[in-house]
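Undergrad: Here's my sequence, what's the structure:
(chains A, B, C and D)
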2 protein chains.
Amino acid sequence: MTKATERPTRLPSMADVAKTAGVSAQTVSRALRDSPNVTPETKKRVLAAVEQLGYRFNNAARVLSSGRSHTIGLVLLQSGGYYSRSAVTAGVEAAAGEAGYAVSIATIASLDTGLMERSLSKLADQGVDGIIIAVPLISVTRKMEDITRDIPTVTLDGSRTASARSLGIDQKEAGRLATQHLLDLGHRQVWHVSGPDEWIEARRRREGWQECLASAGIEAPPPLEGDWSPDSGYLQGQILARIPDVTAVFAASDEMAFGVIRALREHGRKVPDDVSIVSVDDIALAAYCCPPLTTVRQDFYRSSAAAVALLLRGDDAGAAEVVVPASLTVRDSTAPPRSR
Amino acid sequence: MTKATERPTRLPSMADVAKTAGVSAQTVSRALRDSPNVTPETKKRVLAAVEQLGYRFNNAARVLSSGRSHTIGLVLLQSGGYYSRSAVTAGVEAAAGEAGYAVSIATIASLDTGLMERSLSKLADQGVDGIIIAVPLISVTRKMEDITRDIPTVTLDGSRTASARSLGIDQKEAGRLATQHLLDLGHRQVWHVSGPDEWIEARRRREGWQECLASAGIEAPPPLEGDWSPDSGYLQGQILARIPDVTAVFAASDEMAFGVIRALREHGRKVPDDVSIVSVDDIALAAYCCPPLTTVRQDFYRSSAAAVALLLRGDDAGAAEVVVPASLTVRDSTAPPRSR
DNA sequence: TGAGCTTATGTTATCGATGACATACGTAAC
DNA sequence: GTTACGTATGTCATCGATAACATAAGCTCA
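TA: The predicted model follows:
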């Protein structure tokens, strides 16, 4: 058992394969990359030699000479809903793998500009061919611009830089869908527990909520800000529970909704009898909340895969913005307001 | 905006920096790696040149010449609890980053030997210096042995190969803790909703449960098998709800516990009044279940970080097995059995 | 003062695959 | 029967950093 820090013993190289197969190294290279002009017979001999020697190509050498690493970097936030993080990782990895790309991740501990710069540098140093940023960029520094100019980048939550393209789920629509559902049920006012203001997603959902209320001629109440966690939902729920005329709440994430519901119940307000609640995400547990959550589903897996496609396709459409729709799943946490 | 698939334009190399700083490339290399014998003055000049040219070292070249990629591969399962996946990713990435290593992930869609082989190959091709396998190895093929012999490997859930070391949370202890807690409350029998049998973690938890019951002189009832999802918990809960003398259930994951509880409630069995339930994980939502879950906490983040340390430290202790303890968090889903 | 050592820096070969170009052979066309 | 071209393969330089070795100072101590 060797340790990961010591230099490995020498493995067979392409030259070794070439010698065994009785051809030149270049022919081996061509045969292995399915280059057109290689006799099937030669190719067979090469593959046999590869098999015999247990040859495995050297990625570093390939990268060095070809200039492409076939790796894309993914920037994630360590905190924040673990559901989305997990789905995004899976989606990116699947789509990238499909296209023959590997994924290298860089997690940042908090939404800090310095940390963000450092993880982008780290990915750039690794020589990734492209970057997917799945966290909001609070502010885009010169260094960040430099990197995203050199390396194709797609942002996954609506952040914008001069050179990155961006793609995301239509969060404003998500906010609108949730709010409209409550209004349709007959509620006259909808309160909102939002995500942290640094998150563009949170801002967009809030905008959707505001606009929806506005177009119904309702003045939006002040939003209550959480941090995506159930604990923060619980905290804000304790405030909402004390406001008698709250009959409908739009929570920006399922996890916060769990917290809000607990707080309401502890204050004797029943969901959905006294208060209706809609949230966003449709995590696996949403159906097992008490009551099961009405929520706006987000297909992170799909939007992440789409981000990879956008990155690799690389339309020269400049900083195009692509949007993936969201859809409402109605369960039992919403109902018409109690008739007065 | 370039696309990720085309060859990037030439960036400044070490030679360029050397010329600008008026030293040799080797000196630049030494200066950047904090080699001892470099004058502070020279180092300053080099760093200035680096800054001026916007130099960024070429990872591929470094890997090619040094033989080490400073990257570790992480194998994850796409399905399965997203909580653990997320925590493991974060833990591995943080610990690896700390040590100057990058993390490349390989997700497999299902527990299939072929897929497993392919993702190990993929990581090996990428030239990772070490591998962390966070999914159970159903069966270890020759090819898998070959790779784990060449590349230092740590398994994170108790799977064993001839050459990999392994590390994990003490799952048997987790099962025992959960079961003992229920017995201590006065329950005379504890039922079990287990994870899928292919998962070693699931097996260990079940063993802990069985042994705990056995040492209390109780014969274990047949375990009910779920797949970690809340839906599967719900399904098994519907069975448990129909068995009148069930008063205590040990669910192998929080998510399944959510499902079990819903099923029980739908059949009029109250938790914890009629049935107590303990599970494992302590996810963020555990405290917001109805009722809040008593659960065995697993510190995936910590154990993952420990796995990285083990990998990089590389004791020659052969296939050592290291274990991280689990701990019980008591909330409201457990109570003494209703006196009869 | 000069042998012997240490410290800072330069030189050269090397890692392994690949792109660009060169060559050898065959075949079709005039 | 020669020109022209296509196909299969080989040769060589190259990517950029580093290890190993070489050299040039500076310093110590007999």
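Undergrad: can you pull the buried residues of the helix or strand that residue A:264 is a member of?
TA: Take DSSP states H and E as the rule and residue A:264 turns out to sit in helix A:254-266. Judged by neighbour count (16 or more other CB atoms under 10 Å in any protein chain shown), helix A:254-266 contains these buried residues: A:254-265. In short, each C-beta sits where N, CA and C put it, glycine included.
Undergrad: try stretch A:227-246
TA: Buried residues in stretch A:227-246, counting neighbours by 16+ other CB under 10 Å, are found at A:227-238, A:240-241, A:246.
Undergrad: who touches that stretch?
TA: With contact meaning CB atoms under 8 Å, 6 or more residues apart in numbering or on different chains, stretch A:227-246 is reached by A:80-81, A:189, A:191, A:193, A:195-196, A:224-226, A:249, A:251-253, A:255-264, A:266-267, A:269, A:275, B:284-285, B:287-288.
Undergrad: related to what we said a few turns ago, of the buried residues of helix A:254-266, which is the nearest to residue A:12?
TA: Distance to residue A:12 across the buried residues of helix A:254-266 (CB to CB) is lowest for residue A:255, with 51.0 Å.
Undergrad: what's the spacing between that closest one and DNA strand D?
TA: The gap separating residue A:255 from DNA strand D is 44 Å, by CB to the nearest atom of the strand, to the nearest Å.
Undergrad: Quick check: that residue touching residue B:285?
TA: Yes: using CB atoms under 8 Å, residue A:255 is in contact with residue B:285, at 6.3 Å.
Undergrad: For DNA strand D, see how far away residue A:104 is.
TA: From residue A:104 across to DNA strand D, the span is 18 Å (CB to the nearest atom of the strand).
Undergrad: Assumed that residue was part of a strand.
TA: Yes: counting by DSSP: H, G, I helix; E, B strand; the rest coil, residue A:104 is part of a strand.
Undergrad: and it, what is it in contact with?
TA: Residues counted as contacts of residue A:104 (CB under 8 Å, 6+ apart) are A:71-74, A:123, A:126, A:128, B:71, B:102-105.
Undergrad: quick check: domain ranges of chain A?
TA: Split into domains by automatic domain parsing, chain A comes to A:14-57, A:71-169+A:301-324, A:171-298.
Undergrad: Can you give me the pLDDT of the residue in the stretch 151-300 of chain A positioned nearest to DNA strand D?
TA: Closest residue of the stretch 151-300 of chain A to DNA strand D, CB to the nearest atom of the strand: residue A:151 (15.0 Å). In this model, residue A:151 is scored at 87, pLDDT.
Undergrad: Could you do residue A:80 as well?
TA: As predicted, residue A:80 sits at a pLDDT of 68.
Undergrad: Convert stretch A:298-317 to PDB, retaining C-alpha atoms only.
TA: Below are the C-alpha coordinates for stretch A:298-317, written out as PDB (Å, rounded to 0.1, in the frame of the first residue of the first chain):
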ATOM      1  CA  GLN A 298     -37.400  22.900  -9.300                       C
ATOM      2  CA  ASP A 299     -35.600  20.500 -11.500                       C
ATOM      3  CA  PHE A 300     -32.100  21.200 -10.400                       C
ATOM      4  CA  TYR A 301     -30.800  18.100 -12.000                       C
ATOM      5  CA  ARG A 302     -32.100  19.200 -15.400                       C
ATOM      6  CA  SER A 303     -31.000  22.800 -15.200                       C
ATOM      7  CA  SER A 304     -27.500  21.700 -14.100                       C
ATOM      8  CA  ALA A 305     -27.300  19.400 -17.100                       C
ATOM      9  CA  ALA A 306     -28.400  22.200 -19.300                       C
ATOM     10  CA  ALA A 307     -25.700  24.400 -17.900                       C
ATOM     11  CA  VAL A 308     -23.100  21.900 -18.900                       C
ATOM     12  CA  ALA A 309     -24.500  21.700 -22.400                       C
ATOM     13  CA  LEU A 310     -24.500  25.400 -22.700                       C
ATOM     14  CA  LEU A 311     -20.900  25.500 -21.500                       C
ATOM     15  CA  LEU A 312     -19.700  22.900 -23.900                       C
ATOM     16  CA  ARG A 313     -21.800  24.000 -26.800                       C
ATOM     17  CA  GLY A 314     -20.500  27.600 -26.300                       C
ATOM     18  CA  ASP A 315     -22.800  29.600 -28.500                       C
ATOM     19  CA  ASP A 316     -21.200  32.800 -29.300                       C
ATOM     20  CA  ALA A 317     -24.500  34.400 -28.300                       C
END
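Undergrad: May I see the buried residues of it?
TA: Result for stretch A:298-317 [16+ other CB under 10 Å]: buried residues A:298-301, A:303-312, A:314.
Undergrad: which SSE is residue A:239 in?
TA: Assessed by DSSP H and E, residue A:239 sits inside helix A:230-240.
Undergrad: same question, residue A:45
TA: Under the criterion of DSSP H and E, residue A:45 resides in helix A:40-53.
Undergrad: Is that helix in proximity to DNA strand C?
TA: No: contact of helix A:40-53 with DNA strand C (CB under 7 Å from any atom of the strand) is absent, the minimum separation being 9.9 Å.
Undergrad: Can you show me the strands along the stretch 101-250 of chain A?
TA: With DSSP state E, counting those that start in this stretch as the criterion, the stretch 101-250 of chain A has strands at A:102-108, A:130-133, A:153-155, A:165-169, A:191-194, A:224-225, A:248-251.
Undergrad: can you list these in JSON lines and add distance to DNA strand C?
TA: Below are the strands of the stretch 101-250 of chain A laid out as JSON lines (distance: least, CB to the nearest atom of the strand, whole Å):
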{"stretch": "strand A:102-108", "distance to DNA strand C": "15"}
{"stretch": "strand A:130-133", "distance to DNA strand C": "18"}
{"stretch": "strand A:153-155", "distance to DNA strand C": "24"}
{"stretch": "strand A:165-169", "distance to DNA strand C": "26"}
{"stretch": "strand A:191-194", "distance to DNA strand C": "49"}
{"stretch": "strand A:224-225", "distance to DNA strand C": "51"}
{"stretch": "strand A:248-251", "distance to DNA strand C": "51"}
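Undergrad: Pick the most deeply packed of those strands.
TA: strand A:248-251 (a mean of 30; mean count of other CB atoms under 10 Å in any protein chain shown).
Undergrad: quick one: average pLDDT of it?
TA: 98.
Undergrad: packing partners for that strand?
TA: In terms of contacts (3 or more CB pairs under 8 Å, 6 or more residues apart in numbering or on different chains; DSSP states H and E), strand A:248-251 is packed against helix A:171-184, strand A:191-194, helix A:254-266, strand A:276-281.
Undergrad: One more pass at 6 Å, please.
TA: With contacts taken as 3 or more CB pairs under 6 Å, 6 or more residues apart in numbering or on different chains; DSSP states H and E, strand A:248-251 sits against helix A:171-184, strand A:191-194, strand A:276-281.
Undergrad: contacts for the second one?
TA: Looking back up the chat, that one is strand A:191-194. Residues from elsewhere that reach strand A:191-194, judged by CB atoms under 6 Å, 6 or more residues apart in numbering or on different chains: A:202, A:206, A:209, A:221, A:223-226, A:236, A:246, A:249-252, A:256, A:260.
Undergrad: try stretch A:154-167
TA: For stretch A:154-167, using CB under 6 Å, 6+ apart, the contacting residues are A:132-134, A:136-137, A:140, A:145, A:148-149, A:153, A:168, A:200-201, A:307, A:310-311, A:319-322.
Undergrad: among the residues you listed, which are in helices?
TA: Counting by DSSP state H, the part of the contacts of stretch A:154-167 found in helices is A:145, A:148-149, A:200-201, A:307, A:310-311.
Undergrad: for these, which one is nearest residue B:180?
TA: Distance to residue B:180 across the ones in helices among the contacts of stretch A:154-167 (CB to CB) is lowest for residue A:201, with 43.5 Å.
Undergrad: for that closest one, what are its contacts?
TA: Residues near residue A:201 by CB under 6 Å, 6+ apart: A:157, A:171.
Undergrad: ok, 10 Å please
TA: Residue A:201 makes contacts with A:80, A:84, A:136, A:156-159, A:168-169, A:171-172, A:174-175, A:195, A:228, A:252-253, A:280, A:298, as judged by CB atoms under 10 Å, 6 or more residues apart in numbering or on different chains.
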